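Colleague: sequence plus predicted model, see below.
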Amino acid sequence: MSKIKYILLTALILCFIFSSCDSDKILEENLYTFTDKMMGKYLETDSTLTEFYKLMEMTNVNGLLNSYGSYTCFAPTNSAMLEYYKEKGKSSLSDFSPDSLKLIAYDHLINGSEIIFASFLNGRLPDPTMSNRFITITLTPDGAALVNRNSQISEKDIMVHNGVIHKIRKVLDPVRLGIVDVIAKEENFSIFYDALILTGLADSLLLDKDESYEISTTRAKELEDAVVTTIASERYAPLMREYGYTVLMESNETFQKNGINNIDDLKTYAANVYDTMYPADANITNVTDRRNSLNRFIAYHLINKELSYTKFLSNYDTGHQFKTVDLYEYIEPMCPNTLIQVKNERSSGKMNLINTIQDTGKSIEISMSNYDNDATNGVYHEIDRILAYTKEVDAEISSKRLRFDVSSLFPELTNNNMRGRPSNNDVLYRHAIPAGYLERLKCGEATVICYTSPNDKLMNYMGDEIFIAVKPGQLYDLEITTPPIPAGTYEVRFGFQSNGRRGVAQFYVDGIPSGVPVNLNTLGTDIGIGYESIGSNPADLFGYENDKMMRNRGYMKGPGSFKSINSSWYTGESARHNAGNLRKILGTYSFLNTENHIIGVKGLSSGQFQIDFIEFVPTSVLEFEDIY
């Protein structure tokens, strides 16, 4: 059955299921407009899109749109194109350079996915355009949608044989400036911008693309072949290595509400916060010194990941996560040895709450009227309160379990659109990454890193995972650098899914061996681990006594906060109910200083190494820790 017939049949079936449904109205309002033409042919025959079709012809893009594939096209109407010529001081397409024409064409096309209107959410679409820019959708109260905030969709969901077309009323014209230059043009953020320049931190936001990264077709195939398993998968080696940044900014108005009217006021505010946090550095007056209070203040607002609104946390809040359990992400900003906490709060339904203080309920939020402001190498968001790493924030973060989804440790996965990108649940979507690509994962050249996007059949935290493969006859040897952990005494754990493809490994924390080697193939039901199915023991229906026994052997059940959506591979109502989903306790460690740490792993036998998440749990909360 063709895709178009399937969608139409589904609409009609739903109509019969719900007796109140008016079938004539559904057909009249066009859930979809169907045509079996190729996209290029449709553009040629639609009289309202003749100018856009000329653009496709002049740039030789139309041949692509008449081929098999999967495309999403935001097609400006004739009036939109004519208005664009006028804005640019041109009279027709012939007045633009060939390079400009190709860029305009690519700005309106997404290659590789069909994104229908029903899947639109506020924020960026998951896939970039052919010009490698992201499109932002704004849904309006009347059910309409704006593209990049100013181009209304006039006709949606024109389904063609190889994709979908949405007609729009204004040509898309994304900013061609870096993040610093974009901020410079925003008069309402002049106080922050002045401090960004004064501290020299603007120089930390200039990278765009790693020009030294090259990969041949042969090398890409070698990497992709290395992550082939018995499970069907689509495999992709990264063709580029891009950088990206996020800036969280207070507006002048927000600063003024807090008595900050100029750069000197901001210096005073920053000193009150950071000279208290770091008294030994209180006398450092050079604002370009990373220990200076103003420098720390600005650096705490800067992140070396390009985080659109949904990539702070929402994109990782997959169907695997129980929506009754709050979800957290911990982000390392450019301010040394600090963390930003982001929370999806279930009780209120609020997303992306920043640095929530449990006792007061206070948190910082991204302004929903000024977010996802795009640049060529990043994005900025306005925030509604002043952001700072105060003693209050430090106490909050250092007194709770810190669980890091392992993919969150590597900015490259976010900046190159691997993490947070939806996958095709028919097959696993695997990224085959060479050694050296991830700055915080050190390994030998024989190692291939596989990042697997979320899939309904996986039972992983946030739905994704990383596994390590090596060439035949080789053993893996790797080191992962963690984000900074506040000073204190912690139980350190790593979460994984055991199966028959793993091997035996020796773990290290900061270079010190962590106990004896671990056989990662061993299921929890092994006598050496002692997992009991929850509910199987009448004297311990909830498994709490079994938890204690497993802890004595150095293991824990998986968290009860996530599950497998499709139970084809993994069964159990949550990871806690699956004997293969385990946490290995690496040991208890006292950290005298707030700093990054190194988790090392050496393979002692053939097989993969898989890791889902890492936990640092203050020993002071172990007695009260929940099962989630």
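Modeller: Received the coordinates, thanks.
Colleague: what's across from Arg124 in the sheet?
Modeller: Listed by DSSP bridges, the beta-bridge partners for Arg124 are Thr136.
Colleague: tell me which residues are up against stretch 42-53.
Modeller: Residues external to stretch 42-53 that are found in contact with it (CB atoms under 8 Å, 6 or more residues apart in numbering): 35, 37, 56, 62, 65, 73, 75-78, 81-82, 93, 108, 158, 160, 165, 167. Yep, even glycine has a C-beta here, placed from its N, CA and C like the rest.
Colleague: go through those residues and flag which are in helices.
Modeller: Judged by DSSP state H, the subset of these located in helices is Met56, Asn62, Leu65, Asn78, Met81, Leu82.
Colleague: and Pro483, how far from Ala195?
Modeller: Between Pro483 and Ala195 the distance is 25 Å, computed by CB to CB, to the nearest Å.
Colleague: before we move on, the earlier item: give the buried subset of the ones in helices among the contacts of stretch 42-53 as a PyMOL selection command.
Modeller: The following PyMOL command selects only the buried members of the ones in helices among the contacts of stretch 42-53, with burial defined by 16 or more other CB atoms under 10 Å:
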select buried, resi 56+62+65+78+81
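Colleague: possible to save the ones in helices among the contacts of stretch 42-53 as CSV with pLDDT and distance to Ser398?
Modeller: Below are the ones in helices among the contacts of stretch 42-53 laid out as CSV (pLDDT from 0 to 100; distance: CB to CB, whole Å):
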residue, pLDDT, distance to Ser398
Met56, 98, 56
Asn62, 95, 58
Leu65, 97, 54
Asn78, 98, 60
Met81, 98, 56
Leu82, 98, 60
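Colleague: can you list the buried residues in stretch 258-268?
Modeller: When burial is assessed from 16+ other CB under 10 Å, stretch 258-268 yields the following buried residues: Ile260, Ile263, Leu266, Lys267.
Colleague: what's the end-to-end length of it?
Modeller: When the termini of stretch 258-268 are compared using CA to CA, to the nearest Å, they are 12 Å apart.
Colleague: what's opposite Val509 in the beta bridge?
Modeller: Here Val509, judged by DSSP bridges, has bridge partners Ile512, Ile599.
Colleague: also Ile303?
Modeller: For Ile303, the residues forming beta bridges with it (DSSP bridges) are Thr246.
Colleague: tell me the pLDDT at it?
Modeller: We have a pLDDT of 99 for Ile303.
Colleague: just the one 10 residues further on next, same as before
Modeller: We have a pLDDT of 96 for Leu313.
Colleague: what about it, neighbour count?
Modeller: As a burial measure, the neighbour count of Leu313 was computed by other CB atoms under 10 Å and equals 22.
Colleague: that one and Glu329 touch, don't they?
Modeller: Yes: counting by CB atoms under 8 Å, Leu313 does reach Glu329; the two are 4.8 Å apart.
Colleague: overlap of the contact sets of these two?
Modeller: Val342, Lys343.
Colleague: pLDDT weak spots in the stretch 151-300 of the chain?
Modeller: Judged by pLDDT under 70, the stretch 151-300 of the chain has no weakly predicted residues.
Colleague: how about the contacts made by the residue lying closest to Gly580 once chain neighbours are set aside?
Modeller: Spatially, and ignoring its direct neighbours in sequence, Gly580 is nearest to Ser498 (4.5 Å; CB to CB, 6 or more residues apart in numbering). With contact set as CB under 8 Å, 6+ apart, Ser498 has these partners: Leu520, Asn521, Thr522, Leu523, Gly524, Gly580, Asn581, Leu582.
Colleague: rerun that using 6 Å as the cut-off
Modeller: Ser498 makes contacts with Leu520, Leu523, Gly580, as judged by CB atoms under 6 Å, 6 or more residues apart in numbering.
Colleague: among those residues, name the buried ones.
Modeller: By 16+ other CB under 10 Å, the contacts of Ser498 give Leu520, Gly580 as buried.
Colleague: closest one of the contacts of Ser498 to Lys86?
Modeller: When the contacts of Ser498 are compared for distance to Lys86 (CB to CB), Gly580 comes out closest, at 63.0 Å.
Colleague: now do the same contact list for that closest one.
Modeller: Residues Gln497, Ser498, Leu523 are the ones in contact with Gly580 under the rule CB under 6 Å, 6+ apart.
Colleague: leaving out sequence neighbours, find the closest residue to the last one.
Modeller: Going back to what we said before, that points to Leu523. Beyond its immediate neighbours in the sequence, the residue positioned closest to Leu523 (CB to CB, 6+ apart) is Ala579, lying 5.1 Å away.
Colleague: surely that neighbour and Thr522 touch.
Modeller: No: the pair Ala579 and Thr522 fails to qualify as a contact (CB atoms under 6 Å) at a distance of 10.1 Å.
Colleague: now stretch 425-444 - C-alpha only, PDB.
Modeller: Taking Å, rounded to 0.1, in the frame of the first residue of the first chain, the C-alpha atoms of stretch 425-444 are listed here in PDB:
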ATOM      1  CA  ASN A 425      11.900   2.900  14.600                       C
ATOM      2  CA  ASP A 426      11.900   0.300  11.800                       C
ATOM      3  CA  VAL A 427      15.700   0.000  12.100                       C
ATOM      4  CA  LEU A 428      18.400   1.300  14.500                       C
ATOM      5  CA  TYR A 429      19.900   4.600  13.500                       C
ATOM      6  CA  ARG A 430      23.600   4.300  14.200                       C
ATOM      7  CA  HIS A 431      26.400   6.900  13.900                       C
ATOM      8  CA  ALA A 432      29.800   5.400  13.400                       C
ATOM      9  CA  ILE A 433      32.300   7.800  14.900                       C
ATOM     10  CA  PRO A 434      36.000   7.600  14.500                       C
ATOM     11  CA  ALA A 435      38.500   7.800  17.300                       C
ATOM     12  CA  GLY A 436      39.400  11.500  18.100                       C
ATOM     13  CA  TYR A 437      36.100  12.900  16.900                       C
ATOM     14  CA  LEU A 438      34.800  13.200  20.500                       C
ATOM     15  CA  GLU A 439      37.200  15.400  22.500                       C
ATOM     16  CA  ARG A 440      36.200  13.900  25.800                       C
ATOM     17  CA  LEU A 441      36.500  10.300  24.800                       C
ATOM     18  CA  LYS A 442      40.100   9.100  24.400                       C
ATOM     19  CA  CYS A 443      40.600   5.800  22.700                       C
ATOM     20  CA  GLY A 444      42.900   3.900  20.200                       C
END
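Colleague: show me the contact partners of it.
Modeller: Under the criterion CB under 6 Å, 6+ apart, residues 223-224, 227, 231-237, 409-410, 412, 418, 423, 445, 447-453, 455-456, 477-481 lie in contact with stretch 425-444.
Colleague: again with stretch 220-240
Modeller: For stretch 220-240, contacts defined as CB under 6 Å, 6+ apart pick out Asn416, Val427, Leu428, Tyr429, Arg430, His431, Ala432, Pro434, Val448, Cys450, Ala469.
Colleague: what's the answer for stretch 143-158, then?
Modeller: The set of residues that contact stretch 143-158 without belonging to it, under CB under 6 Å, 6+ apart, is 32-33, 74, 116-117, 120, 136-139, 165-170, 172.
Colleague: state whether Ser190 is indeed within a strand.
Modeller: No: assignment of Ser190 by DSSP: H, G, I helix; E, B strand; the rest coil gives helix, placing it outside any strand.
Colleague: circling back to that earlier point, list buried residues within the contacts of stretch 220-240.
Modeller: Judged by neighbour count, with 16+ other CB under 10 Å as the criterion, the buried members of those are Asn416, Leu428, Tyr429, Arg430, His431, Ala432, Pro434, Val448, Cys450, Ala469.
Colleague: lowest pLDDT pick from those?
Modeller: Across the buried ones among the contacts of stretch 220-240, the smallest pLDDT goes to Leu428, namely 88.
Colleague: got phi/psi on the closest residue in space to it that isn't next to it in sequence?
Modeller: Using CB to CB, 6+ apart and skipping residues adjacent in sequence, the residue nearest Leu428 is Ser233, 3.9 Å away. The phi/psi pair for Ser233 (degrees, to the nearest 10) reads phi -150, psi 150.
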